[in-house]
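A.B. asks: Pasting the sequence and the predicted model now:
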Amino acid sequence: MMDIEQKSVNAIRILAADMVQKANSGHPGLPLGAADIAYTLWAKHMNHNPKNPDWMNRDRFVLSGGHGSALLYALLHLFGYGLSVDDLKQFRQLDSLTPGHPEYGHTAGVEATTGPLGAGMAMAVGMAMAEAHLAEIFNQENYSVIDHYTYVLGGDGCMMEGISSEAFSLAGTLGLSKLIVCYDANKITIEGSTDIAFSEDVGKRMEAFGFQVLEVQDANQIEQVDQALQKAKAETNKPSFLILHTKIGYGSLQQGKASAHGEPLGVQSIQALKENFLWENQEAFFVPENIYEHYVQLQKKGEEKEKEWNSLFFAYQEKFPDLKNLWDCYFEKNADIAQQLQADEDFWLYENKDQATRNLSGAVLQKLKDKFPNLIGGAADLAPSTKTYLQNEGDFSKENYAGRNLHFGVRELAMTAIGNGLLLHGGLKAFVSTFFVFSDYVKPMARLAALMNLPLIFVFTHDSIGVGEDGPTHEPIEQLAMLRATPNLFAFRPADARETAAAWCYAISSTSAPTALVLTRQNLPQLEGSGQEALKGGYILQDSLKKTPDVILMGSGSEVSLLVEAKSRLRESQIDARVVSMPCLDLFAQQDKDYQEKVLPKVVRKRVAVEALSSFGWGEYVGLDGKCIAMQSFGASGPANLLFEKFGFTVENIVETVKSLD
């Protein structure tokens, strides 16, 4: 007779299969094959409390193979996270709590938005890094208030994607022993057997990265999976990688076939599945009451774990009041950050000399790291160039998890996903950095940050053809348009010190969107009239003498100083210009219509926008009668000043362009 645990595993399978079948869309193969792994994790190893999904010291579980979302939704339903049977019946339907791929912030118990394969693996590395850092900051002898594991489940596709190798190489280097990777090795992808494109020894690869590698020959056996997880948790010097051999579509007529991956099983196969598992009822979404009762008992274990932690934390607060105050600084949201920074005179004071905005950003960062002890971050091997090294704060390493400077290596894609993971864990503010042209490597995970409403901060330097001698491979052209086209991502390209401070003010105070700072390599002058109005995204830097200007000059970054000079030159020709600095088009677009009309009155149709990047995105503000001076090609190799002249970014060209307007 089948025991209650195996019946409970099969309940996961049945619910997942029924979800996909009812939706006539989805991926039943992973849930059927990996149900034993998931149950063993959630029931026997993870500390989690469904009544408080946000308990800080819970173990984290990331489903990197997000296409198998039916597995996660079945778990969340059975473990009491608030998903009803009706929610399961709405799988993949509009506005449901059970979308096609798990979405963070949308469904209780979902720790990360996953779908792009491998992303969850890298985000889990970020979560494990956050746990290690916070444990080093807060834990005291006999008071381990931060002490949990990060588990991530993915498959062959996750292991093929390069992001996994980038992230795992770093995880091994850092010795993140509380990271446990569960590899659902079923050797099947959409096109068939993995042998056609994936023949390496994955275990040896992971050993080379510095992981403990454990192998389970039959991961459809709870006992074998349980023993492997115990060994993984016993390892305290390196992360663990479990190779768990499963059969895709386990128990169905499609078992072991590629068709099990992403197609509904069909009525006949669902019937056979339930018969194979001796299910007592063919009714869709039926689960026997004794199985629900079993899951209720498992839930109580999680409640008890949190109660134990709450008692420990209460004693911790009493014994270490200074650390409790620091804890509040890390974990309690401060809605007044922007106001505090705006009122801080020192935050806005900088030398009145020509400086690169990357250097100015570095100066702002040194001020911020003292105000926000939970600010942590680093660069893709470029901190000396991006000016993102936090002075006197130490390097995060296997020997020093308390360090606040993260060294990601030359791994921009994983860097960004890890940044997401740091924020998903909670308690930290995070930034990542690289040259702007390499935002192409960053983009997929920046998109996920925007989708998850994560306030990750991007520091992008070497922002235009101003890169100079490195040439077109390192000179961004279309990248700013790419960021501006991304919903819920705010890209700032500041023109001087005070605009750079404004960009950081916005970024550090954001709670629901990532911010990108796009910064120059070359020195720029400090501009009269710049300041906190940059927090509106666009503002009148220098106005015309007349109430209604003859022409509006607008731009961002290094080109704004050219506009200021052009304004003076145009005055000599009796043309009265207004200069509008537009450091963040996305933020300006969110201002009320009255403010937008005040800055860019519709009656003024003569407009010129200047930006040493693609013109894409400026049409809305230039209009049919205006013109845009921008890059229409890739850049070139040579001194920056000569490149600006070659491509028309000169005061003379701006003046002539204004005069050419009808």
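C.D. replies: Cool, the structure landed.

A.B. asks: Just the strands from the stretch 301-450 of the chain, written as ranges.
C.D. replies: 355-356, 375-379, 405-407, 429-435 (DSSP state E, counting those that start in this stretch).

A.B. asks: Averaged pLDDT, the last one. What do you get?
C.D. replies: Mean per-residue pLDDT for strand 429-435: 98.

A.B. asks: that older thread, just so I know, which of the strands of the stretch 301-450 of the chain lies nearest residue 134?
C.D. replies: Evaluated over the strands of the stretch 301-450 of the chain, closeness to residue 134 peaks at strand 375-379, with 9.9 Å, by C-beta to C-beta. Heads up, the C-betas are built off the backbone N, CA and C, glycines and all.

A.B. asks: ok, residues contacting the closest one?
C.D. replies: Strand 375-379 is contacted from outside by 133, 368-369, 385-386, 388-390, 396, 404-408, 415, 419, 422, 428-434, 457, 459, 508, using C-beta atoms under 8 Å, 6 or more residues apart in numbering.

A.B. asks: can you check stretch 210-229 too?
C.D. replies: Against stretch 210-229 from outside (C-beta under 8 Å, 6+ apart): 5-6, 9, 33-34, 36-37, 39-41, 44-45, 168, 171-173, 175, 180-181, 184, 203, 206-207, 231-232, 235, 238-247, 250.

A.B. asks: Show the buried residues in these.
C.D. replies: Buried by 16 or more other C-beta atoms under 10 Å: 5-6, 9, 33-34, 36-37, 39-41, 45, 168, 171-172, 175, 180-181, 184, 203, 206, 232, 238-247, 250, out of those.

A.B. asks: Just these: which are in strands?
C.D. replies: In strands, defined here by DSSP state E, the members of the buried ones among the contacts of stretch 210-229 are 180, 181, 184, 240, 241, 242, 243, 244, 245.

A.B. asks: so what's the third one up against?
C.D. replies: Under the criterion of C-beta under 8 Å, 6+ apart, the contact list for residue 184 reads 30, 33, 34, 37, 65, 153, 154, 155, 156, 219, 244, 246.

A.B. asks: out of those residues, who's nearest residue 198?
C.D. replies: residue 156 (6.3 Å).

A.B. asks: you'd agree the closest one is up against residue 190?
C.D. replies: No: between residue 156 and residue 190 there is no contact under C-beta atoms under 8 Å: 10.5 Å.

A.B. asks: And these two? Which one has more around it.
C.D. replies: Between residue 156 and residue 190, counting by other C-beta atoms under 10 Å, residue 156 is the more crowded of the two (21 against 11).

A.B. asks: and the more buried one, what is it in contact with?
C.D. replies: Residue 156 makes contact with 184, 185, 186, 187, 188, 189, 194, 198, according to C-beta under 8 Å, 6+ apart.

A.B. asks: Counting neighbours, what do you get for the fifth one?
C.D. replies: Right, residue 188. 24.

A.B. asks: what are the bridge partners for it, then?
C.D. replies: Counting by DSSP bridges, residue 188 forms beta bridges with residue 193.

A.B. asks: ok, it touching residue 194?
C.D. replies: Yes: using C-beta under 8 Å, residue 188 is in contact with residue 194, at 6.7 Å.

A.B. asks: rewinding a little: nearest to residue 278, out of the contacts of residue 156: which one, please.
C.D. replies: Using C-beta to C-beta, the contacts of residue 156 come closest to residue 278 at residue 186, 23.6 Å.

A.B. asks: measure the closest one to residue 243 for me?
C.D. replies: With the distance defined as C-beta to C-beta, to the nearest Å, residue 186 ends up 11 Å from residue 243.

A.B. asks: how about the strands of the stretch 301-450 of the chain in CSV, adding mean neighbour count?
C.D. replies: Shown next, in CSV, are the strands of the stretch 301-450 of the chain (neighbours: other C-beta atoms under 10 Å):
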stretch, mean neighbour count
strand 355-356, 21
strand 375-379, 25
strand 405-407, 22
strand 429-435, 27
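
A.B. asks: Quick one, which of those gets closest to residue 117.
C.D. replies: The closest of the strands of the stretch 301-450 of the chain to residue 117 is strand 429-435. By C-beta to C-beta, the value is 21.0 Å.

A.B. asks: Now the two most distant members of the contacts of residue 156.
C.D. replies: Greatest spatial distance in those: 184 and 198, 13.8 Å, computed using C-beta to C-beta.

A.B. asks: Output the contacting helices and strands for the longest helix along the chain.
C.D. replies: Longest helix of the chain, by residue count under DSSP state H: helix 289-319. Counting contacts by 3 or more C-beta pairs under 8 Å, 6 or more residues apart in numbering; DSSP states H and E, helix 289-319 is packed against helix 4-23, helix 69-78, helix 321-331.

A.B. asks: tell me which residues in stretch 336-354 are buried?
C.D. replies: 337, 338, 341, 342, 347, 348, 350.

A.B. asks: Help me confirm that the fifth one comes into contact with residue 367.
C.D. replies: Yes: taking contacts as C-beta under 8 Å, residue 347 lies within contact range of residue 367: 6.2 Å.
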